[in-house]
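In: Give the three-dimensional model of this entry:
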Amino acid sequence: MNNLDKFYNGIVTQDNKLRTTTYSQLTDFLQNPSSSVSSENLDKLIDGLANWVNSSNFKVSLHGLTVLYLLVNRLGEAFRPFVPNVLESTVSRLGDMHDDVRDAAQDLLLALMYPASSPSFVFDRIWPQASTHKQFRVREGICVCLQRLLNNYGAKSLQLSKIVPSLLKLLDDSNAQVRDSALTTLAEIYRHVGEKVRTDIMKKGLPHSKLAMITNKFDDIHTSGDMLPTALNSHMTSSVSKYGVGDEVDHTRPPRNASSSVSRSRTKGVTSAGSSKAGAGALSEDMFTKSFDQVPKIHILSGRDVEDKLQHAMSLLSNSNTDWEKRVQEVKVCRAIVLEGGANYDEFYTSLRQMETAFMLAVKDLRSQVVREACITIAFYAQNLESRLDHFCEVILPSLIMLVSNSAKVMATSGSTALKFIIQHVHSQRLIPILVEHTKSKSNVIRRFCYELIESLLELWQTHDIERHVTSLQQAIKSGISDADSESRIFARKAFWLFSQHFKQHADALYETLDASRQKQLQGELSNASSCNSVNSQPSSRLPTSFNDRVDSAPHTSNFRRDGTRSSARGRLGGTRTGIISSGYGYLAPPPRNMGRSSSTHDLPHVVSRPIPRTMSNRLGESSRSTAGSYSSLPRPRKPSITSSYTDHVSNGNSVPPKRRTSQSQRKYLLPMQ
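Out: Numbering: from 1, shown residues only. This is a model prediction of the structure:
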């Protein structure tokens, strides 16, 4: 019995210790794509897991939500008949006092909407109960769920005109958090739908003060440029009295072209977020770099001026009662100080330590404009201060990572873009444990993005910057290869091959601990990469697109060294990033990162042009007949790509290097190991 039925006794039991043991085994089972999720008692198993969710022990409740989330993603639409069985218990967990449980409940609700069923199928069933629930956290949580739903699946996935009246009632809720959440949700609907919402609300006969509060919120969004194309172009579409639903919408599945999908903008990773063609509301790296010098004019005459200005900014940013426009202005002043050469004074770095808490509050601000300017300033500091910003980044990194899963696209993309600037420029080993820790997050969006950052980190950083945390990286990559999220697994597999270029022995050891299916997937990733890289491809072709663009085109401000301390990504990689070499015999693993030095600076260009010796051909033939998925049997590459770092050695402008004998050390590197 190798299916879910073997966990039956552990699921239906009331013994919490046995439940904990079963949870560990069950999660490993569900995270293995090759495991069978068939069961003759599936309905009883799901009811048993629903009892876990209802448990008074928050750990058991969290375990139940996690297992159900994994099971829903494995079963897909086959879970649809069981959705009503778990809705009530999941909604009740929105009111749990523990953040982890509430977050897990949110994730499960979205999973029940897709892939298990559809947003309207789930939300229409839970909204009446949740919006009037006696616990304020449930009322607040369902508003947050609606915000995430809109950003994931778009406004056409629901009939929003039926929801707005209930949201207006929540504006009079006795709890301030519920009132704020309801107002934010109305603003999110307006951002997606447009003026139809304002018109409908004005017909409700609301008190003047409440109506003014709502319209001011709408005006702020409209003037900030956060409106989506679906709202801006709403007047061009056929008018529908009940906004949020179009005649062409199929509610059996979320719309594939939801323009506001936060998760999609993040899952494309470095390339998509760095593209200048970012979706409406999203911020790209080009937008960041163009905003770097959009600051007020100031004058710096001494270190005391720097200290006074930063202290003033800190006092305003730390006070949540300060008008948001003033806070935005002070964040811009922080950039202006660096542009005017303030970082050349010692007082700047003393005050920067004190500014860490203020920036953390700015990143967590409810105003998207404040968050956006804070993230732009952090990215600007990272680009210009580099390793001198290491402690600041260590403090601010967790807040930025949590921002990635925010329901507002402008906030989410601000955080993700700032993180990419940090990984690009601040090569501090202190950041690695933070990234590794967040790969264990319950949010698949956060896990996915952290694996993407780890991949970029392994691509761009030098070995000595990461060698202290080789064990934790090894474990994180291993977990990522088995992650429940498919895109997280893809990033983890890419990270594995980059990891192997830094630490070959650790990669070998990791590979041997994987089962045959995981090994096969890794080789498949290698196969996909080899089809996109030729033997003579430039090393930079392995770099993510946006990092290449940023290295080449990012503007550098004055007063800072841009040479020597941090070379470009291409220069650092030199000839070691040769891509994946393919042959008719099989796939060759990437070459070791640290190549043995030759006794001659002119030998290597000559050596790599030699044909493959017959002995190597024989060994390659043997490798093609080895066991499928065998990592240790892969031969070493026959030659690295010739890059600019090699051609620099050619003297007097000669395009052909002088012929030399092959050194013994080169033969040892070029010939495959026995």
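
In: Please, where are all the strands along this protein?
Out: Applying DSSP state E to the chain gives strands spanning 581-583, 586-588.

In: Let's check: the centremost residue of the chain is which one?
Out: Centroid-nearest residue in the chain: Phe449, 1.9 Å away (criterion: C-alpha atoms, centre = their mean).

In: Distance of that one relative to Tyr381?
Out: Distance, Phe449 to Tyr381, by C-beta to C-beta, to the nearest Å: 21 Å. All C-beta spots, glycine's among them, are computed from the backbone N, C-alpha and C.

In: Same question for Asp465.
Out: Computed with C-beta to C-beta, the distance linking Asp465 and Tyr381 is 19 Å.

In: Which parts of the stretch 101-250 of the chain are helices?
Out: Along the stretch 101-250 of the chain, the segments classed as helices by DSSP state H, counting those that start in this stretch run 119-131, 136-153, 164-170, 176-193, 195-202, 208-224, 229-232.

In: what about these, which gets the closest to Leu301?
Out: Judged by C-beta to C-beta, the one of the helices of the stretch 101-250 of the chain that comes nearest to Leu301 is helix 208-224, at 34.7 Å.

In: hang on, the earlier thing: Asp465 and Tyr381: which is more packed in?
Out: Tyr381 (27 against 17; other C-beta atoms under 10 Å).

In: just checking, that one touches Leu339?
Out: No - using C-beta atoms under 8 Å, Tyr381 is not in contact with Leu339, being 11.2 Å away.

In: List the contacts of stretch 438-452.
Out: Contacts with stretch 438-452, where a contact means C-beta atoms under 8 Å, 6 or more residues apart in numbering, come from 66, 100, 103-104, 107, 262-263, 266-267, 269-270, 398, 401-402, 404-405, 416, 419, 435-436, 454, 476, 479-480, 483-485, 487-488, 491-492, 495.

In: Just the buried ones from the residues you listed, in ChimeraX syntax?
Out: Filtering the contacts of stretch 438-452 down to the buried ones (16 or more other C-beta atoms under 10 Å) takes a single ChimeraX command:
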select :66,100,103,104,107,262,263,266,267,269,270,401,402,404,405,416,419,435,436,454,476,479,480,483,484,485,487,488,491,492,495
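
In: ok, now which ones touch the closest residue to Phe79 other than its chain neighbours?
Out: Excluding the flanking residues, the one nearest Phe79 by C-beta to C-beta, 6 or more residues apart in numbering is Ala116, at 4.2 Å. Neighbouring residues of Ala116 by C-beta under 8 Å, 6+ apart: Val72, Leu75, Gly76, Glu77, Phe79, Arg80, Val83.

In: count of residues packed around the second one?
Out: Which is Leu75. Leu75: 18 surrounding residues under other C-beta under 10 Å.

In: swap in the third one?
Out: Look at Gly76: counted by other C-beta under 10 Å, it has 14 neighbours.

In: what residue ranges in the stretch 1-150 of the chain score low on pLDDT?
Out: Judged by pLDDT under 70, the stretch 1-150 of the chain has its weakly predicted residues at 1.

In: Quick one: mean pLDDT over stretch 181-195.
Out: On average, the pLDDT along stretch 181-195 is 92.
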